[in-house]
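Q: please work out how this folds:
(2 chains)
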Number of protein chains: 2
Amino acid sequence: MRRKREVAIIGIGQTRVGEHWDKSIKQLAAEAILNAIKDAKVERVDILYVGNALSGELAFQEHLGAAVADYAGLRTIEACKVEAAGASGAAALRLGYLAVAGGLADFVIVCGVEKVTDSPIEKVNSALSLGIDGEYEREMGLSLTALSALMMRRYMHEYGYELKDFANFSVNAHKNAVNNPYAMFRNPITEKAFTEARMVVEPINLLDSAPVADGAAALILCPLDMAKDFNPKPVRVAASVVVTDTLALHERKDLLFLEAAYLSTRRAYETAGIKPNDVDLFELNDSFTIMSALSLEAAGFAGRGEGVKLAMDGEIFIEGRIPISTMGGLKARGNPLGATGVYQVVEAVIQLRHEAGPNQVKDAHWALVQSIGGTGGTVVTHVLEGPD
Amino acid sequence: MRRKREVAIIGIGQTRVGEHWDKSIKQLAAEAILNAIKDAKVERVDILYVGNALSGELAFQEHLGAAVADYAGLRTIEACKVEAAGASGAAALRLGYLAVAGGLADFVIVCGVEKVTDSPIEKVNSALSLGIDGEYEREMGLSLTALSALMMRRYMHEYGYELKDFANFSVNAHKNAVNNPYAMFRNPITEKAFTEARMVVEPINLLDSAPVADGAAALILCPLDMAKDFNPKPVRVAASVVVTDTLALHERKDLLFLEAAYLSTRRAYETAGIKPNDVDLFELNDSFTIMSALSLEAAGFAGRGEGVKLAMDGEIFIEGRIPISTMGGLKARGNPLGATGVYQVVEAVIQLRHEAGPNQVKDAHWALVQSIGGTGGTVVTHVLEGPD
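A: Next up is the predicted model:
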């Protein structure tokens, strides 16, 4: 295959994550897009990719690419919607990366958006299950939370951990969200609060799980060699990798090994020419604490059964060995499903630009950003390199 | 921008269009994919793009890229779902084209799939409206059929046509479907049957509108310079263009001008270096006869208000000046929504390979293929060049 162009992120935009009763899905998306365009100061855009998981089910609008394009003042632009469950936003970035790296577009907008508050909570919960295997697991009454609970229970059994050992994942996320004006939950929590929280699906409790919410985030991509004309601090997309796995948990050889996460991070490291030790921060999928633990292991930051220890030892905090959820993660920034992958990248860009304020990871240069659909059916991994 | 690689279609696959009560959405997709892989004789594939409009709403499965990949024996492959209403399948081809033309992938599978018979008809009709503007038009009780009826009524009023003037669009489609073993309706119809058919939304009647159905179709793409190793008759993708417009019909300056279709065909002609006169067949969106008339006009085959004349004069038949719906079109092959765009391309490839049997367009070399989302909110246009 041919040598590809280097791709840079030159603009970012986001809305607050939370319950936007007063805004439609198109309004949220347009707000993030216009913020990103303003940040990048671009005047021309070639393509718009909209990452979204459940707009038809929850916000009553499909055909979202054109709908968002028009509302954001981009009528006639090339656009489509991309779906990969919780990894939809990251999958949209992958498409934008392909278009720019391949030389078929110069400026691409990647927008992730989700609107859940137009639907009652029962419908939201039901729609969330559309991302897991429908024929066997959902039909048997399983949900994403239930599947994650099975994984967590098995992990605890296999390696001898207790619920409180997972506390720091949520404590860290809430602590970091305090300084993120776009985050949904800006309150710190304690280990005690975590262990005593109301149970959802044993052993997963309320403070173990990320809240589903409304939100939109956007990125502007362009070739790296044009980037400095628009932004003094372009962030390079050093690797962009998508790997899929079976949706059905019962069909995996190993319940506690995220094979798609393993494969996609390995390929991402190889493409970027870095090793786990080079990574300064890791924006991972902390939809449930068990997913954080397994992601840390799959990405090579801990051995099997030792991901939780990184949390117990405080190595996941801003000043730790491998900071995660540095702006609050899915847990405390909130999880606007199809938008989440783009939020993660926006936050990594803020870190790599050294604009994260009190949450700044010192000398951050390499960020690993990973989005997961379902329990690992799709894993999208990006490596970002800062300008400094 | 850089010079791109030429892209070829080296494999095609499809299932019969109709009511597949015995097959799931994953089974349909896998059947088409495996047929296409067999046709292309490829052993390695880099990416799978799944075009689908309403799998979450009607087949209770999102996260469709990974779900289909796994079921088709492609676990771990890069995959995602692409949505652009009725143009979803064509939008998936556009993504595949970008990946191969840009040199970031060598072999890409493009699959379009839709399963509607898992849901009751009321739910199907309601879901179909998710592709039109939700905030004003659907909320006011409009549907895609109702919007199309408004366009048709205006067209008849403006240019002085009667219902029977549109008959040949459907007569042609049904005539051509007789020889297509994958078509849903293989019965010829008469002008009399057309004009006397049961009314749906005046002036649109049952034989004016394409039936929504189940189906899947697939394509294998690779660089043109590698194509002959796999297929003696590769079809070149000479142009691939996506243009969007406002979803809301009431916001368009002109109810009877498909601006996105106009722009995308103009750009496609320019990229391919051809003129309307060079086009040997035009697989268009004949979801309603009015859409066929407006598409013919937007693509430059007729002046404003004269698209219908091409039908009245028989110029749209196989032996006419600009054959359309050559294997039955949406009207008689059936319209499996997100799969339709891929079916259209599969049929054009059959024509360009000169394998269309009794429906063969003589000496077919250039095919124009156009998919439309909603009433023209997304228009995807491809120009295909045959091997001969």
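
Q: what residues does the single nearest residue of the stretch 101-250 of chain A relative to chain B make contact with?
A: Nearest residue of the stretch 101-250 of chain A to chain B: residue A:102, at 1.4 Å (CB to the nearest CB). Just so you know, the C-beta spots here come from the backbone N, C-alpha and C atoms, and that holds for glycine as well. Taking CB atoms under 8 Å, 6 or more residues apart in numbering or on different chains, we find residue A:102 in contact with A:4, A:5, B:4, B:98, B:99, B:101, B:102, B:103, B:104.

Q: from memory the fifth one sits against residue A:97, does it?
A: Which is residue B:99. No: using CB atoms under 8 Å, residue B:99 is not in contact with residue A:97, being 10.6 Å away.

Q: neighbour count for these two, which is higher?
A: residue B:99 (27 against 23; other CB atoms under 10 Å in any protein chain shown).

Q: so the residue lying closest to the more buried one once chain neighbours are set aside: helix, strand or coil?
A: Nearest residue to residue B:99 in three dimensions, chain neighbours excluded: residue B:105, at 4.1 Å (CB to CB, 6 or more residues apart in numbering or on different chains). The assignment at residue B:105 comes out as coil when based on DSSP: H, G, I helix; E, B strand; the rest coil.

Q: tell me how far residue B:105 lies from residue B:267.
A: 23 Å (CB to CB, to the nearest Å).

Q: so between these two, which is more surrounded?
A: When residue B:105 is set against residue B:267 and neighbours are counted by other CB under 10 Å, the residue ahead is residue B:105, at 21 against 16.

Q: for stretch A:362-379, measure first residue to last.
A: 27 Å (CA to CA, to the nearest Å).

Q: quick check, it touching chain B?
A: Yes: applying CB under 8 Å from any CB of the partner chain, one finds stretch A:362-379 in contact with chain B at A:373, A:374, A:377, A:378.

Q: wait, what's in contact with the last one?
A: Think residue A:378. Residue A:378 neighbours (CB under 8 Å, 6+ apart): A:84-85, A:87, A:91, A:242-245, A:260, A:372, B:63, B:65-66, B:79-80.

Q: which of these fall within strands?
A: Those of the contacts of residue A:378 mapping onto strands are A:242, A:243, A:244, A:372, B:79, B:80, per DSSP state E.

Q: can you count the residues close to the residue nearest to the fourth one when sequence neighbours are not counted?
A: By that I understand residue A:372. Leaving aside its sequence neighbours, residue A:372 sits nearest to residue A:285 (CB to CB, 6+ apart; 3.9 Å). Residue A:285 has 30 neighbours, counted by other CB under 10 Å.

Q: phi, psi of residue A:73?
A: phi 80, psi 20 (degrees, to the nearest 10).

Q: check residue A:215 too.
A: Torsion angles, degrees, to the nearest 10, at residue A:215: phi 170, psi 160.

Q: cool, and residue A:355?
A: Backbone dihedrals for residue A:355, given as degrees, to the nearest 10, come out at phi -120, psi 30.

Q: again, but for residue A:281
A: phi -150, psi 150.

Q: equivalent analysis for residue A:89, please.
A: Backbone torsions of residue A:89, given as degrees, to the nearest 10, read phi -60, psi -40.

Q: any idea how many residues pack against it?
A: Neighbours around residue A:89, by other CB under 10 Å: 37.

Q: quick revisit: so for the residue of the stretch 101-250 of chain A closest to chain B, what's the nearest residue that isn't a sequence neighbour?
A: Among residues not flanking residue A:102 along the chain, residue B:102 sits closest, at 1.4 Å (CB to CB, 6+ apart).

Q: tell me how far the residue nearest to residue B:99 lies from residue A:33.
A: When residue B:105 is compared with residue A:33 (using CB to CB), they lie 27 Å apart.
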